[in-house]
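Trainee: Task: produce atomic coordinates for the following.
(2 chains)
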Amino acid sequence: MSNQLNQTESVIGWTRDQMAERAARDIPNGAYVNLGIGIPEKVAKFVPEGREFIYHTENGLLGMGATPELGAEDPDLINAGKKQVTAISGAAYFHHADSFAMIRGRHIDICILGAMQVADNGDLANWSTGAEDAIPAVGGAMDLVAGVKTIFVITQHTTKNGMAKLVKQCSYPLTGPAVVNKIYTDLAVIEVTSDGFALLELAPGVGFEYVKERTEAPLIDMRDC
Amino acid sequence: MIDKRIKNVKEAVEDIFDGATVMIGGFGEAGSPVELIHALIDQGAKNLTVVNNNTGSGHVGLAALIENGQVGKMICSFPRTANSTVFPELYHDGDIELELVPQGTLAERIRCGGAGIPAFYTATSVGTPLAEGKELREFDGRYYVLEKGLTADFALIKSKEADRYGNLTYNKTARNFAPVMAMAAKTTIVQAQTCVDAGDIDPEIVVTPGIFVNRIVMVSNPLQESKLVNEGRQYP
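Mentor: Numbers count the residues shown, from 1 in each chain, chains lettered A, B, ... in the order given. From the prediction side, this is the model:
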């Protein structure tokens, strides 16, 4: 079964929604959570039964709600990705210095980000390819990884060209050193430990060797440990 | 009698001088004081250093100020945004300087500037190219980078309500950088959607106390940047 699936790469493993849903399961009740742009935004759709999370968006809102209904959009109510959002009942607005005090001051429990590369010591690169002609843009990524207690990464396991994103050493400029705790890919859930990448869970139909081949750094099998 | 209200946006920005540092509120279009920026374009001050989170979009507001050749340097955290072509083109041609600052460091540098704190240490950017050349210091086993406070000659910001003393409230996430910029500038110029009498804003809900505000001009129906961009509008 798994061999058969391996031949059709596009259908094996978790979808983006399933990756987001899997990450949401690891967020404890009552957590203050900051969601990055892209797949991490999807996490908000998958709050497990019986839990309540408060979403922080660094441009100045605690209690970010769903996308507004058509016609109810407000250009003054946006998220860090500059998309129009809503505020939940019980939300709070604040200015940027307070917002980043929440981040830098270790008040936000979990931040979920995308990644270009993650190294097996937890180094994260997700803001620049370092290309000469690229316009550097960092936003709040460096503040978030330096300040938030727990950093989750949601990312495809490899690039579109099949290059490993889970590497021994990031070749792109770092967003922060040794900051990532857990990685949710389309293939697996992986923890960053003092011994390197540890596999916690495989997506249905995906084998350990298959993930190992697509991970540049060594991968320890920690399933059911 | 204290009355910080000014007749129109033209008078509000008339003393902004060549080479001035100007903080402009807003995160994307939310909180962007489009009418004050357009008045600054009409006024024509050049070689400005502008502090904003972004670099504007389309050909209106901040992007138009840059396109008009009035900005020599941008201090910002995220110069690339959807519909942002003006800054990238000038930057590629070497016609504008960029100081890239992490968003939270930018906010704190402005807050410190306004609070009389010359510099502060933060863990943000340690171990990255943005910490290169900056002083590092260890506190309790962790490294921090020294960042300097940021002040400005002028701040242009947008508020929801203002009273004649300059007390301000904001609308939702349009607040963003405005309260700290109001503190950090020598002259803070506000475009307010409504102007009310002293006492009409409950002191408990004032966000920016009037001491940080110098001029208020009422713009009751502000332009919406994204709408102008979608319509392909250009200023002037």
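Trainee: show me the contacts for the closest residue in space to residue B:224 that isn't next to it in sequence.
Mentor: Nearest residue to residue B:224, sequence neighbours excluded (CB to CB, 6 or more residues apart in numbering or on different chains): residue A:75, at 5.6 Å. Glycine gets a C-beta too; all of them are placed from N, C-alpha and C. By CB atoms under 8 Å, 6 or more residues apart in numbering or on different chains, residue A:75 lies in contact with A:84, B:29-30, B:224-226.
Trainee: how about 7 Å then?
Mentor: A:84, B:29-30, B:224, B:226 (CB atoms under 7 Å, 6 or more residues apart in numbering or on different chains).
Trainee: Quick check on those: which are buried?
Mentor: A:84, B:29-30, B:226 (16 or more other CB atoms under 10 Å in any protein chain shown).
Trainee: would a markdown table of the residues you listed with secondary structure and pLDDT be doable?
Mentor: Output for the buried ones among the contacts of residue A:75, formatted as a markdown table (DSSP: H, G, I helix; E, B strand; the rest coil; pLDDT from 0 to 100):
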| residue | secondary structure | pLDDT |
| --- | --- | --- |
| A:84 | strand | 93 |
| B:29 | coil | 95 |
| B:30 | strand | 97 |
| B:226 | helix | 93 |
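Trainee: ok, so of those, who is nearest residue B:149?
Mentor: residue B:30 (24.9 Å; CB to CB).
Trainee: if I pick that closest one, what's in contact with it?
Mentor: Per CB under 7 Å, 6+ apart, neighbours of residue B:30: A:75-76, A:78, B:173-174, B:176.
Trainee: hey, what's it bridged with?
Mentor: Beta-bridge partners for residue B:30, by DSSP bridges, are residue B:27.
Trainee: try residue A:183
Mentor: residue A:153, residue A:190.
Trainee: list the contacts for it?
Mentor: A:118, A:153, A:155, A:166, A:190.
Trainee: Show me the beta-bridge partners of the first one.
Mentor: In this case it means residue A:118. Under DSSP bridges, the beta-bridge partners of residue A:118 are residue A:124, residue A:166.
Trainee: Within range of chain A, give me the residues from chain B.
Mentor: Within chain B, the positions lying close to chain A (CB under 7 Å from any CB of the partner chain) are B:27-30, B:77-81, B:88, B:91-92, B:100, B:102-105, B:107-108, B:111, B:122-130, B:171-177, B:179-180, B:224, B:226.
Trainee: same thing but 6 Å
Mentor: Applying CB under 6 Å from any CB of the partner chain, we find that chain B lies next to chain A at B:27-30, B:77-80, B:88, B:91, B:100, B:102-104, B:107-108, B:111, B:123-125, B:127-129, B:171-177, B:179-180, B:224.
Trainee: So how do I select the buried members of these in PyMOL?
Mentor: The buried subset of the residues of chain B next to chain A, as determined by 16+ other CB under 10 Å, is captured in PyMOL by this line:
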select buried, chain B and resi 27+28+29+30+77+78+79+80+88+91+100+102+103+104+107+108+111+123+124+125+127+128+171+172+173+174+175+176+177+179+180
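Trainee: Near the nearest residue to residue A:36 once chain neighbours are set aside, how many other residues are there?
Mentor: Nearest residue to residue A:36, sequence neighbours excluded (CB to CB, 6+ apart): residue A:113, at 4.0 Å. By other CB atoms under 10 Å in any protein chain shown, the residues close to residue A:113 number 26.
Trainee: what's the answer for residue A:83, then?
Mentor: Neighbours of residue A:83 (other CB under 10 Å): 14.
Trainee: Look up how far chain B lies from it.
Mentor: 10 Å (CB to the nearest CB, to the nearest Å).
Trainee: Kindly report the same for residue A:215.
Mentor: Taken as CB to the nearest CB, the span from residue A:215 to chain B is 23 Å.
Trainee: show me the contacts for that residue.
Mentor: residue A:166 (CB atoms under 6 Å, 6 or more residues apart in numbering or on different chains).
Trainee: Helix, strand or coil: sort out it for me.
Mentor: Reduced to three states with DSSP: H, G, I helix; E, B strand; the rest coil, the structure at residue A:215 is coil.
Trainee: and the residue of chain B nearest chain A?
Mentor: residue B:104 (3.1 Å; CB to the nearest CB).
Trainee: Touching, that residue and residue A:143? I think so.
Mentor: Yes: counting by CB atoms under 6 Å, residue B:104 does reach residue A:143; the two are 3.3 Å apart.
Trainee: Identify the contacts common to these two.
Mentor: A:100, A:103, B:124.
Trainee: Can you list which of those residues are found in helices?
Mentor: A:100, A:103 (DSSP state H).
Trainee: What count of nearby residues applies to the residue nearest to residue A:162 when sequence neighbours are not counted?
Mentor: Nearest residue to residue A:162, sequence neighbours excluded (CB to CB, 6+ apart): residue A:214, at 7.9 Å. Around residue A:214 there are 20 other residues, counting by other CB under 10 Å.
Trainee: Check residue A:159 too.
Mentor: Residues lying near residue A:159 (other CB under 10 Å) number 12.
Trainee: still on that earlier bit, the residue nearest to residue A:36 is in contact with residue A:38, isn't it?
Mentor: No: Residue A:113 is not in contact with residue A:38 according to CB under 6 Å; the separation is 8.8 Å.
Trainee: Contacts only, for the residue lying farthest from the centre of chain A.
Mentor: For chain A, the largest distance from the centre (CA atoms, centre = their mean) belongs to residue A:71, which lies 30.4 Å off. If you count contacts by CB under 6 Å, 6+ apart, residue A:71 has none.
Trainee: so how far is residue A:84 from it?
Mentor: In this view, residue A:71 and residue A:84 are 11 Å apart by CB to CB, to the nearest Å.
Trainee: so how far is stretch A:74-85 from its chain's centroid?
Mentor: 20 Å (CA atoms, centre = their mean, to the nearest Å).
Trainee: and residue A:211, what does it touch?
Mentor: Counting by CB under 6 Å, 6+ apart, residue A:211 touches A:187-188.
Trainee: Ignore what I typed, I meant residue B:78.
Mentor: A:137, A:139, B:54.
Trainee: Hmm, residue B:81 and the first one touching each other?
Mentor: Same thing as residue A:137. No: with contacts counted by CB under 6 Å, residue A:137 stays clear of residue B:81, the gap being 8.5 Å.
Trainee: Who are the contact partners of residue B:43?
Mentor: residue B:13.
Trainee: Confirm that residue B:88 sits in a strand.
Mentor: No: residue state for residue B:88 (three-state DSSP) corresponds to helix; a strand is not indicated.
Trainee: Need the three-state assignment for the nearest residue to it once chain neighbours are set aside.
Mentor: Excluding its sequence neighbours, the residue lying closest to residue B:88 (CB to CB, 6+ apart) is residue A:135, at 5.5 Å. Classification of residue A:135 using three-state DSSP returns coil.
Trainee: doesn't residue B:80 make contact with residue A:135?
Mentor: Yes: with contact defined as CB under 6 Å, residue A:135 counts as touching residue B:80 (5.5 Å).
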